[in-house]
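S.K.: just a sequence and a predicted model for now, questions to come.
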Amino acid sequence: MATIRVDVSPDILRWVRDLSFHGDRDLAAFPKFDAWVERRAKPTLNELTRLAKTAGVPFGYMFLQDPPAWELPIPDFRDGFAPGSTKPSPDLMAVLNQSLTRQDWYRDYAQRHGLPEVAVVGSARERDAAGTAADIRTALAFELSQRTGTWSDTRKYLLRAFERLGGLTIATSMVANNTKRPLNPAEFRGFALPDSLAPLVFVNTKQTLNGQIFTLVHEFAHIWRGKAGIGNEGPDRDGQYDIEKWCNQVASQVLVPEEELASHWASVRTLPIPDALDKLARVYRCGTLVVLQALRRYGLEAFSDFQLVYENEERRLKRLADKEKPSDGGDHYYNQPYRVGDRLSRAIIGDTVEGSTTYAEGMKLMSMRSAMNFDEYARRLGVSR
């Protein structure tokens, strides 16, 4: 059988290279790539298929003559990413488009089942940050006296609390359960997709656990404001956009309420800064950097060199993180309710069991490759036939 070779536009090949091959993804696996670009050789169909898969680019794009428009479908509020200056990676586009597909599916599901609108969506359009934070703490039952457990428990609680209101959550570090396509926290940390029936928040878990908690609450603020967007938010910066500054203020007030911090700070302020921050972080169940920023934001401590203090704390946290044993990824079925969301998982499985959604569609929505995995996941959730 003759080998099938494909004539590919050099512009498309350059676009794929510039878009996807950097960092851990180099072109060593494609030694003839330069020859393809220079038209001294043509890739085989198998080579082209492998290139598209490795790059995370839809295979059909490889047959275009000119690079496609590759734009984010929601507002881009990432700090340091001027609109249009940096194209989103295939990984970001993949999880964003999949999230939009899941949201569309769930909206239809909610309409078919007569589910009520999620009242919190857009409820803070005219509210200030402090008032919105108070509303969020009340709605999620997340007052200081109600917080227990570890930081991991806090993240899980916040995810499930939002879902109890009717929202959807996705917390993952990869594209479609593919460990070879990790998400880059430097590119984005989360995004929010407000919708009256299917509000969705996405958290990139390739960041620290404390960072995930901050991102999660920041995205909640977007939902309460009714403003979609993607960001690389963090407690160390308020960003260049007013909406990001507001959402950061809300997140800070949710996690570390101003009216309670003063008394707690008074009880530990004589301790060395790292010890004081550790004690306060245990009280609030959030990261020490969030607490440190709150102390400055609320004017409770006049640091002679805040940037130095912040950088020292960052270095300390990195040393502690480096000592921790790396995770092996854990059990797939345990992680799936985070990667898809518990509410969405149960809806998809239930609808599939009832026959309203096909197995093929249900598996695709949950990034599962086999009916056996689908059935086992359903069994563990207690939604099996």
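M.R.: That came in fine, so what should we check first?

S.K.: okay, CA-based contacts and neighbour counts for the rest of this
M.R.: Noted.

S.K.: which residues of the stretch 201-350 of the chain score low on pLDDT?
M.R.: Across the stretch 201-350 of the chain, the ranges flagged by pLDDT under 70 are 325-330.

S.K.: how about the helices in it?
M.R.: Residue ranges of the helices in the stretch 201-350 of the chain, as given by DSSP state H, counting those that start in this stretch, are 209-225, 242-255, 258-268, 273-284, 288-297, 306-323, 332-339, 342-354.

S.K.: for the fifth one, buried residues please.
M.R.: For helix 288-297, a neighbour-count test (16 or more other CA atoms under 10 Å) marks 288-295 as buried.

S.K.: likewise the longest one?
M.R.: Applying a neighbour-count criterion of 16+ other CA under 10 Å, one finds 310, 313, 317 buried in helix 306-323.

S.K.: returning to that earlier point: from the buried residues of helix 288-297, which is closest to Lys32?
M.R.: Top of the list for closeness to Lys32, among these and by CA to CA, is Leu289 at 47.4 Å.

S.K.: residue contacts, that closest one?
M.R.: The contact partners of Leu289, by CA atoms under 8 Å, 6 or more residues apart in numbering, come to 235-236, 310, 313-314.

S.K.: can you do 7 Å?
M.R.: When the contact criterion is CA atoms under 7 Å, 6 or more residues apart in numbering, the partners of Leu289 are Pro235.

S.K.: which element, helix or strand, includes Thr179?
M.R.: strand 178-182 (DSSP states H and E).

S.K.: okay, now the sheet partners of that strand, with direction.
M.R.: When pairs are called by DSSP bridges, strand 178-182 turns out to pair with strand 174-175 (antiparallel).

S.K.: these two touch, right, Arg225 and Glu126?
M.R.: No. In terms of CA atoms under 7 Å, Arg225 does not count as a neighbour of Glu126; the distance is 8.3 Å.

S.K.: out of the two, which sits in the more crowded spot?
M.R.: Arg225 (22 against 10; other CA atoms under 10 Å).

S.K.: for Ala192, see how far away the more buried one is.
M.R.: For Arg225, the distance to Ala192 under the criterion CA to CA, to the nearest Å works out to 10 Å.

S.K.: report the beta-bridge partner residues of the one residue sitting closest to the centre of the chain.
M.R.: Centroid-nearest residue in the chain: Val203, 2.2 Å away (criterion: CA atoms, centre = their mean). According to DSSP bridges, the residues that bridge with Val203 are Ala171, Gly190.

S.K.: tell me, how many residues neighbour the residue nearest to Leu158 when sequence neighbours are not counted?
M.R.: Leaving aside its sequence neighbours, Leu158 sits nearest to Leu140 (CA to CA, 6 or more residues apart in numbering; 7.3 Å). Per other CA under 10 Å, the neighbour tally for Leu140 reads 17.

S.K.: pull the longest helix from this protein.
M.R.: helix 90-112 (DSSP state H).

S.K.: ok, and what's touching that helix?
M.R.: Residues from elsewhere that reach helix 90-112 (CA under 7 Å, 6+ apart): 20, 56-57, 175, 181, 183, 197-198, 365.

S.K.: packing partners for the following helix or strand past that helix?
M.R.: Remark: after helix 90-112, the chain's next helix or strand is helix 129-140, criterion DSSP H and E. Judged by 3 or more CA pairs under 7 Å, 6 or more residues apart in numbering; DSSP states H and E, the packing partners of helix 129-140 are helix 242-255.

S.K.: tell me which residues are up against stretch 232-249.
M.R.: Contacting residues not belonging to stretch 232-249 are listed as 77-79, 129, 187-190, 215, 218, 221-222, 289-290, 293 [CA under 7 Å, 6+ apart].

S.K.: stretch 55-64 too?
M.R.: Here stretch 55-64 has contacts from 8, 12, 16, 20-21, 49, 52, 90-91, using CA under 7 Å, 6+ apart.

S.K.: what distance separates the start and the end of it?
M.R.: With CA to CA as the measure, the ends of stretch 55-64 fall 16 Å from one another.

S.K.: tell me the buried residues in that stretch?
M.R.: When burial is assessed from 16+ other CA under 10 Å, stretch 55-64 yields the following buried residues: 55-57, 62.

S.K.: same thing with stretch 119-131?
M.R.: The neighbour-count check on stretch 119-131 (16+ other CA under 10 Å) flags 120-122, 124, 129-130 as buried.

S.K.: biggest separation within those residues, which pair?
M.R.: Going by CA to CA, the two entries of those that are most distant from one another are Val121 and Ala130, at 17.2 Å.

S.K.: quick one: the closest residue to Leu216 other than its chain neighbours from Leu344, how far?
M.R.: Spatially, and ignoring its direct neighbours in sequence, Leu216 is nearest to Val203 (6.2 Å; CA to CA, 6+ apart). In this view, Val203 and Leu344 are 15 Å apart by CA to CA.

S.K.: relative to Val37, which of the contacts of stretch 232-249 is nearest.
M.R.: Lowest distance from Val37 to the contacts of stretch 232-249 (CA to CA) belongs to Glu187, with 27.6 Å.

S.K.: can you pull the contacts of that closest one?
M.R.: Asn232.

S.K.: surely Ala41 and Ala35 touch.
M.R.: Yes. Using CA under 7 Å as the test, Ala41 is close enough to Ala35 to be in contact (5.4 Å).

S.K.: quick revisit: hmm, which of the contacts of helix 90-112 is lowest in pLDDT?
M.R.: For these, the least confident position by pLDDT is Ser20, scoring 82.

S.K.: enumerate every residue touching that residue.
M.R.: If you count contacts by CA under 7 Å, 6+ apart, then Ser20 has 55, 89-90 around it.

S.K.: please report the distance of it from Glu47.
M.R.: Ser20 is 16 Å from Glu47, where distance means CA to CA.

S.K.: I am finished for the moment; much appreciated.
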